[in-house]
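**Student:** Structure for the following, please:
(chains A and B)
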2 protein chains.
Amino acid sequence: VVGVIFIGLLIRSMATEEPAKLDAPTIAERDSLAKRESGVTENSPMRLRMEDFIKQQQKEIVKELEAIDGKKFRIDTWTRENGGGGISSVLQDGNVFEKAGVNISIVYGTLPRPAIEKMRVNHKAIDADIQSLDFFAAGLSMVLHPVNPMAPTVHLNYRYFETENPDGTANAWWFGGGTDLTPSYLFDEDAIHFHKTIKEACDKHDKDYFPRFKAWCDKYFYNKHRNESRGIGGIFFDDLDEHEKDQENTFAFAQSCLKAFLPSYIPIINKRKDMPYTEKEKEWQQIRRGRYVEFNLVHDRGTAFGLNTPSARVESILMSLPLTASWRYMYEPEKGSREQRLVDVLREPKEWV
Amino acid sequence: VVGVIFIGLLIRSMATEEPAKLDAPTIAERDSLAKRESGVTENSPMRLRMEDFIKQQQKEIVKELEAIDGKKFRIDTWTRENGGGGISSVLQDGNVFEKAGVNISIVYGTLPRPAIEKMRVNHKAIDADIQSLDFFAAGLSMVLHPVNPMAPTVHLNYRYFETENPDGTANAWWFGGGTDLTPSYLFDEDAIHFHKTIKEACDKHDKDYFPRFKAWCDKYFYNKHRNESRGIGGIFFDDLDEHEKDQENTFAFAQSCLKAFLPSYIPIINKRKDMPYTEKEKEWQQIRRGRYVEFNLVHDRGTAFGLNTPSARVESILMSLPLTASWRYMYEPEKGSREQRLVDVLREPKEWV
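**Tutor:** Below you'll find the model as predicted:
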């Protein structure tokens, strides 16, 4: 989510920046050539390995979700003039999913001076004196809004970011991302399963990761004006670079996280998708969807920057919004109800594992 | 809408500021005493006259809308500890209105240094050297979302702002506000009637007002990330102070604008509220409601500042959101359709009178 900030920022800059070198091949051109000539292997630059990985994952996730839903995703492939592009996969009005988006994007661009200065705060490898800087960003973003109010909304985003030396080698690099669950009705066993699966993926790499990134998630996905969390948490991290672990290990961590998605969510959706529910329960889901819209449009830095980016693909950014949402004035759950229990937990985030 | 910016800013400051003088009566106390002792007359301070005027107007508008809808408004009266408060009137799930909010708020507060500096840009009467400044703000805000997709949403806000000298007399003062129409289906005759009625109210005071404030409205209510206006315009103005006209004339202008609301909108809602419509047309309305939510949550400065204000009454701020809204991925109106005609006009704002 936050990753989009940078992508947004940068695309904006690209609109005002002149192309830097007209004679030397761009990194996008070099990458394209490398892919054609020798494919992507473990020896390829991380850019190509990440692109390859998220493309595979997108296919696998889309296939699995189509099997559950019975309806096909619409696939839109788009390119940017200066290299890169994306694949947006959206399923709408499905049997299980009201709206499901699984998108990847690959961006090659140039950072202007102010963006460089901002980035140096977290990444000292970036030269303080240069006037512009080539960069690369690749990420997978997903939001699934199920039809059944007993089934939770899930969000996921993993991304890799790199700045380039003039010779085409990587300068600074980092990974970011996370995943979190947003139920309308809280089933403790689902919350526990989701967090447990993610924790196991984290623990394989560093025992500190899960508690750190769970706390970061609770802090980030917070609807401040409502004094409540957007959902019941998950993990969130950003700027994971060589000060933490080397690139190979950090990539392995991001891969574990993304691969943990299907085992973290599929058992939950399978258990909830066919549960009976009342009109009143559907209405509560719609109100919770309204809160989801509020977070994404008011507080999410990624969405805000994305929308303020002149050349952004708005429909891909806003695939995160639910098909339908509702705002009822002064809606209050009944005391002691399941709706009230959810709100109580959103007001005081819990440790589930 | 923008007025709320200041109110938001100020309420925030009030949370951190110590009460300035514990012995002298506050302006709120003085106003309260004056109201009890002699009521509100033409000789009362503008604060009380504006408060009185918007309270009357709220009653009149609510009465008229209840007569049209057949359902009653819910009235919530709230007070702030340091003087002032508000009355929120909301009608939900009505026969004619899906959601209708007619709110007034009265704020007495203290401006901190950074807010004073910001305000001095437009109001040189404010002393540059003081450390804090008492202020007053009063306004009426209204948003009506009808059930019938042929009937347009309407928004209105008029407000008065004043800063105080230590002796309780007004230092700087200004009026702001406006009104605009947001149809899902465009009836030219409605657009013309709405603009004509507002123009007549403006022309009585200054022939330049309507063209200036229509242009300001088109510029402000613009969904930049969609490259389209929120609606088909109206008027919008801010910081109207003694550099323009004296206080008496400016109050008279704001009064004319607010009084023009019922004649500008009632004939339209009466004409459209019982028109037949299809499910497809209701769906288009829901998509346009989604765009309304996007403007209010992403671009509207008043809403953003309001929501970032710790002590704000969130339910009153967000009464502007529709009861229901929808986001469909890549929804495109058919070529030559009425839906496409609306989008064309939103992309290129028209002069209706």
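**Student:** rest of the way, CA atoms for contacts and neighbours
**Tutor:** Fine.
**Student:** Please report phi then psi for the nearest residue to A:D238 once chain neighbours are set aside.
**Tutor:** Spatially, and ignoring its direct neighbours in sequence, A:D238 is nearest to A:G176 (4.0 Å; CA to CA, 6 or more residues apart in numbering or on different chains). Phi and psi for A:G176, reported as degrees, to the nearest 10, are phi -150, psi 170.
**Student:** Please apply the same query to A:L181.
**Tutor:** Torsion angles, degrees, to the nearest 10, at A:L181: phi -110, psi 140.
**Student:** Next, count neighbours for the residue nearest to it when sequence neighbours are not counted.
**Tutor:** Using CA to CA, 6+ apart and skipping the chain neighbours, the partner closest in space to A:L181 is A:V154 (4.7 Å). As a burial measure, A:V154 scores 20 neighbours (other CA atoms under 10 Å in any protein chain shown).
**Student:** Also A:L240?
**Tutor:** Quick note: A:L240 (other CA under 10 Å) scores 22 neighbours.
**Student:** If you average the pLDDT over stretch A:215-231, what comes out?
**Tutor:** In this model, stretch A:215-231 has an average pLDDT of 96.
**Student:** should've said stretch A:117-127
**Tutor:** Mean predicted confidence for stretch A:117-127 is 82.
**Student:** list the buried ones in the helix or strand hosting A:Q285?
**Tutor:** Assigned by DSSP states H and E, A:Q285 falls within helix A:279-294. Using 16 or more other CA atoms under 10 Å in any protein chain shown as the test for burial, helix A:279-294 gives A:281-282, A:284-294.
**Student:** Residues of chain A that sit close to chain B?
**Tutor:** A:90, A:92, A:224-226, A:294, A:297-298, A:304, A:307-310, A:314-315, A:319, A:321-330 (CA under 8 Å from any CA of the partner chain).
**Student:** of the residues you listed, buried ones?
**Tutor:** The neighbour-count test (16+ other CA under 10 Å) marks A:90, A:92, A:224-226, A:294, A:297-298, A:304, A:307-310, A:314-315, A:319, A:321-329 as buried among the residues of chain A next to chain B.
**Student:** Could you export stretch A:214-225 as CSV, CA atoms only?
**Tutor:** Written as CSV, here are the backbone C-alpha positions of stretch A:214-225 (Å, rounded to 0.1, in the frame of the first residue of the first chain):
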residue,chain,number,x,y,z
LYS,A,214,2.1,-7.2,13.5
ALA,A,215,2.5,-4.1,15.6
TRP,A,216,3.4,-2.0,12.5
CYS,A,217,0.2,-3.3,10.8
ASP,A,218,-2.0,-2.4,13.8
LYS,A,219,-0.4,1.1,13.7
TYR,A,220,-0.7,1.6,10.0
PHE,A,221,-4.2,0.3,9.2
TYR,A,222,-5.9,2.5,11.8
ASN,A,223,-9.0,4.6,11.0
LYS,A,224,-8.0,7.5,13.3
HIS,A,225,-11.2,9.5,12.8
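**Student:** what does that stretch rub up against?
**Tutor:** Applying CA atoms under 8 Å, 6 or more residues apart in numbering or on different chains, the contact partners of stretch A:214-225 are A:178, A:180, A:228-237, A:291, A:294-295, A:299-300, A:349, B:307-310, B:314.
**Student:** Could you rerun that using 7 Å?
**Tutor:** A:228-230, A:233-237, A:295, A:349, B:307-308 (CA atoms under 7 Å, 6 or more residues apart in numbering or on different chains).
**Student:** Does A:G139 touch A:V107 like I think?
**Tutor:** No - with contact defined as CA atoms under 7 Å, A:G139 does not reach A:V107; the gap is 9.1 Å.
**Student:** Of the two, which one has the most company?
**Tutor:** A side-by-side neighbour count of A:G139 and A:V107, using other CA under 10 Å, places A:G139 first with 27 against 22.
**Student:** pLDDT value on A:T324, please?
**Tutor:** pLDDT, A:T324: 98.
**Student:** Test my guess that it contacts B:W327.
**Tutor:** Yes - applying CA under 7 Å, one finds A:T324 in contact with B:W327, separated by 6.4 Å.
**Student:** next one: phi and psi at A:Y331?
**Tutor:** Dihedral angles (degrees, to the nearest 10) for A:Y331: phi -70, psi 120.
**Student:** Pull the number of nearby residues for it.
**Tutor:** A:Y331 has 10 nearby residues by other CA under 10 Å.
**Student:** Over to A:A128?
**Tutor:** 11.
**Student:** what does the one 5 residues further on give?
**Tutor:** Look at A:L133: counted by other CA under 10 Å, it has 20 neighbours.
**Student:** Show me where chain A has its helices.
**Tutor:** A:2-16, A:27-38, A:46-69, A:113-120, A:188-203, A:209-220, A:247-259, A:261-272, A:279-294, A:301-307, A:314-317, A:338-347 (DSSP state H).
**Student:** Which one of those helices has the poorest average confidence?
**Tutor:** helix A:2-16 (a mean of 41).
**Student:** What sits closest to A:N122 if chain neighbours are left out?
**Tutor:** For A:N122, the closest residue by CA to CA, 6+ apart turns out to be A:D239, at 7.0 Å.
**Student:** I figured that neighbour hits A:F175, correct?
**Tutor:** Yes - contact status for A:D239 versus A:F175: in contact at 5.9 Å, counting by CA under 7 Å.
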